[in-house]
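Student: Task: produce atomic coordinates for the following.
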Amino acid sequence: MPEVAQRVKNLPPYLFARIERLIEQKKAAGVDVISLGIGDPDRPTPEHIVAEAGRQLYNPAHHQYPSSVGMAAFRKAVADWYARRFGVVLDPGSEVVSLIGSKEGIAHIAWCYVNPGDTVLVPDPGYPVYAGGTILAGGEPYLMPLLPENGFLPRLEDIPTEVARRAKLMFLNYPNNPTAAVAERDFFATVVAFAREFDIIVCHDAAYTEIAYDGYRPPSFLEVPGAKEVGIEFGSVSKPYNMTGWRCGWAAGKADVVEVLGRLKSNIDSGVFQVVQCAAIAGLSGPQDCLAEVNALYKKRRDIAVAALREMGWVLNPPRATFYLWLPVPRGYTAESFAEHLIEGAGVVVTPGTGYGKYGAGYFRISLTLPTERLQEAFGRMKQLLGRVTF
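Tutor: Residues are numbered from 1 along each chain as shown. You can find the predicted model right below:
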C-alpha cells in the first residue's frame, strides 16, 4: 500500500482517541454517558429558516452547480448584516466570499499564502484547524500562548522580531474557543498596527460574536480602522442560528485576500448548495428573536454551571460570550487523567485542554450545548464523584 503523504504524517496525533474508546466502552456497558465535550448547538434551526429552505428546494435553478464564491444575494446579505451589526461597509462583490462553513476557509487560507517552511502565528490553546491547515500547507506554526494572566490574549510584543518578519498569517479568535475570552477594539487596533509593521495577513475567526450575555456585544475585527487593509474575518451561521450541519459561512475583508481564497476554492469545490445559502440569507436578514432566545437559554445554562462549579470549589467568573467554560483541573490530575476520571466515575465527558495545544495542559473545556436538565444531571454526578476540589 502506498505510504501516507508527509503532510498528513506531520499532523499532530489525535489526543481524544483514548477518551473516545472509554466513552464507547461505557455506552456498551449500559452507562448513560452525558457529553459536555462538543460545541454543537442542541436546539433546532429556527423554523423560519427551515421554511425558507423548504420553499427554495423546489426551485430548479438551485439544482445546478452554484458559484464557488457564492450567490450575489448571499454575499449582499452578509454585507448588509455587517453594516447593521457592526457599522462595517463591505463591497459584496469583492470583499465577501462564501464558504462551506468557516472551518473550510480557515483550513484553506494557508494554502493561498503559505509555502513550505513559512511561519504562521497560531494561538495556543486554539481551534486545531489553525495549526492543522498550516501544517497541511507545509508551513510551521509559531505558537502564541494564551495565558490567564494576559486575559487569554496573545502578547504580540513577546513575538521575536525575526519570527514576525517571517510570518505570513496570524490567526485570532474572539470570542474565543476554548477559553471563552473576549477581545476589545483596542486589542484589535494593536493587531492592525502589528500586521502593518510586519506585512502579515490577519485571519480573525469570528464564529462566536453573536453568542454573548449580560448586555455585552462582541466587536468585529473589521470595525477597527485599517483592519480591511491587513486582514479578513471568518463568519458563520452555524452557532447563532443552530445551523452547524448546514455548512455555510463566509470570509470578508481585504479584497485581494478574498479574491485569492475564492480562486483557490474554484479549483477545489463547487460552492455551497444554493438552498443552504437561501436559508442563511433568511437567518441573517430575518427576525432576530431566535438569537435572543438562544442566548437567554445559554445564559441560564451558564449560570447553572457556574453555580455548580463554584459549589465544588472552582473559582471563576461567568464568561461574557461563547457557550464554553475553560477551567483548571484539580490538584493531582492532568487534563487527560481528569477527563478519564470523570468518564470512569461519573459517565460525564469533558474535553481535555491539551486537545487545543500544549498551553491547554492543566485545563478542561465544558460546553453548554445540551438540554438544561442533562446539564444539571452532569453536575450532580460530578459533585457526587469529586466532592469539593482543591487546586
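Student: Show me what the helix or strand of the chain with the lowest mean pLDDT is in contact with.
Tutor: Lowest mean confidence among the helices and strands of the chain (mean pLDDT, DSSP states H and E): helix 17-28, at a mean of 81. Outside of helix 17-28, the residues within contact range by C-beta atoms under 8 Å, 6 or more residues apart in numbering are 33, 35, 336, 339, 340, 343, 344, 347, 349, 352. (Each C-beta comes from the backbone N, C-alpha and C, glycine too.)
Student: May I see the buried residues of that helix?
Tutor: 19, 22, 23, 26 (16 or more other C-beta atoms under 10 Å).
Student: ditto for stretch 177-197
Tutor: For stretch 177-197, by 16+ other C-beta under 10 Å, it's 177-183, 187-188, 191-192, 194-195.
Student: Just put those residues in CSV and tack on secondary structure.
Tutor: Shown next, in CSV, are the buried residues of stretch 177-197 (DSSP: H, G, I helix; E, B strand; the rest coil):
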residue, secondary structure
177, coil
178, coil
179, coil
180, coil
181, coil
182, coil
183, coil
187, helix
188, helix
191, helix
192, helix
194, helix
195, helix
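Student: Would you tell me which one of those comes nearest to residue 83?
Tutor: The nearest member of these to residue 83, counting by C-beta to C-beta, is residue 188 at 18.4 Å.
Student: Now for that closest one: which residues touch it?
Tutor: 204, 219, 221, 223, 224, 227 are the contacts of residue 188 under C-beta under 8 Å, 6+ apart.
Student: Name the nearest residue to the third one, ignoring sequence neighbours.
Tutor: The shortest distance from residue 221 to any residue that is not its chain neighbour, by C-beta to C-beta, 6 or more residues apart in numbering, is 3.9 Å, and that residue is residue 204.
Student: Check whether the one you found really touches residue 230, as I assumed.
Tutor: No - Residue 204 lies out of contact with residue 230 (C-beta atoms under 8 Å); the separation is 10.4 Å.
Student: follow-up on the earlier one: adding pLDDT and distance to residue 136, write the buried residues of stretch 177-197 out as JSON lines.
Tutor: Formatted as JSON lines, those follow (pLDDT from 0 to 100; distance: C-beta to C-beta, whole Å):
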{"residue": "177", "pLDDT": "98", "distance to residue 136": "20"}
{"residue": "178", "pLDDT": "98", "distance to residue 136": "22"}
{"residue": "179", "pLDDT": "98", "distance to residue 136": "25"}
{"residue": "180", "pLDDT": "98", "distance to residue 136": "28"}
{"residue": "181", "pLDDT": "98", "distance to residue 136": "27"}
{"residue": "182", "pLDDT": "98", "distance to residue 136": "30"}
{"residue": "183", "pLDDT": "98", "distance to residue 136": "27"}
{"residue": "187", "pLDDT": "98", "distance to residue 136": "29"}
{"residue": "188", "pLDDT": "98", "distance to residue 136": "28"}
{"residue": "191", "pLDDT": "98", "distance to residue 136": "25"}
{"residue": "192", "pLDDT": "98", "distance to residue 136": "28"}
{"residue": "194", "pLDDT": "98", "distance to residue 136": "26"}
{"residue": "195", "pLDDT": "98", "distance to residue 136": "23"}
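Student: Quick one: those as JSON lines, columns for distance to residue 379 too.
Tutor: Shown next, in JSON lines, are the buried residues of stretch 177-197 (distance: C-beta to C-beta, whole Å):
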{"residue": "177", "distance to residue 379": "21"}
{"residue": "178", "distance to residue 379": "19"}
{"residue": "179", "distance to residue 379": "20"}
{"residue": "180", "distance to residue 379": "17"}
{"residue": "181", "distance to residue 379": "23"}
{"residue": "182", "distance to residue 379": "24"}
{"residue": "183", "distance to residue 379": "29"}
{"residue": "187", "distance to residue 379": "33"}
{"residue": "188", "distance to residue 379": "35"}
{"residue": "191", "distance to residue 379": "37"}
{"residue": "192", "distance to residue 379": "41"}
{"residue": "194", "distance to residue 379": "41"}
{"residue": "195", "distance to residue 379": "42"}
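Student: on that earlier part again, as TSV, the buried residues of helix 17-28 with distance to residue 259 would be great.
Tutor: As requested, the buried residues of helix 17-28 are exported to TSV (distance: C-beta to C-beta, whole Å):
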residue	distance to residue 259
19	41
22	46
23	44
26	49
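Student: Relative to residue 385, which of those residues is nearest.
Tutor: residue 26 (13.8 Å).
Student: tell me the pLDDT at residue 15?
Tutor: Looking at residue 15, its pLDDT reads 63.
Student: so how far is stretch 338-349 off the chain centroid?
Tutor: Taking C-alpha atoms, centre = their mean, to the nearest Å, one finds stretch 338-349 lying 25 Å from the centre of the chain it belongs to.
Student: average pLDDT for it?
Tutor: Stretch 338-349 comes out at a mean pLDDT of 95.
Student: For residue 229, give me its contacts.
Tutor: Counting by C-beta under 8 Å, 6+ apart, residue 229 has contacts 192, 196, 254.
Student: which stretches of the chain form strands?
Tutor: 34-35, 96-99, 119-124, 140-145, 167-173, 201-205, 231-236, 249-253, 324-328, 348-349, 351-352, 363-367 (DSSP state E).
Student: Please work out which residues outside the longest one touch it.
Tutor: Surrounding strand 167-173, the residues in contact under the criterion C-beta under 8 Å, 6+ apart are 106, 109-110, 113-114, 118-123, 126-127, 130, 134, 139, 142, 144, 154, 159, 183, 191, 194-195, 198, 200-207, 221, 231.
Student: thinking again about what came up before, mind putting the strands of the chain in TSV, mean neighbour count and distance to residue 316 included?
Tutor: Below are the strands of the chain laid out as TSV (neighbours: other C-beta atoms under 10 Å; distance: least, C-beta to C-beta, whole Å):
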stretch	mean neighbour count	distance to residue 316
strand 34-35	19	20
strand 96-99	28	34
strand 119-124	25	21
strand 140-145	18	20
strand 167-173	25	20
strand 201-205	25	24
strand 231-236	26	27
strand 249-253	28	30
strand 324-328	22	7
strand 348-349	23	18
strand 351-352	26	16
strand 363-367	24	11
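Student: Distance to residue 388 added to the ones you listed, as TSV?
Tutor: Formatted as TSV, these follow (distance: least, C-beta to C-beta, whole Å):
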stretch	distance to residue 388
strand 34-35	21
strand 96-99	45
strand 119-124	31
strand 140-145	30
strand 167-173	33
strand 201-205	36
strand 231-236	39
strand 249-253	42
strand 324-328	15
strand 348-349	17
strand 351-352	22
strand 363-367	17
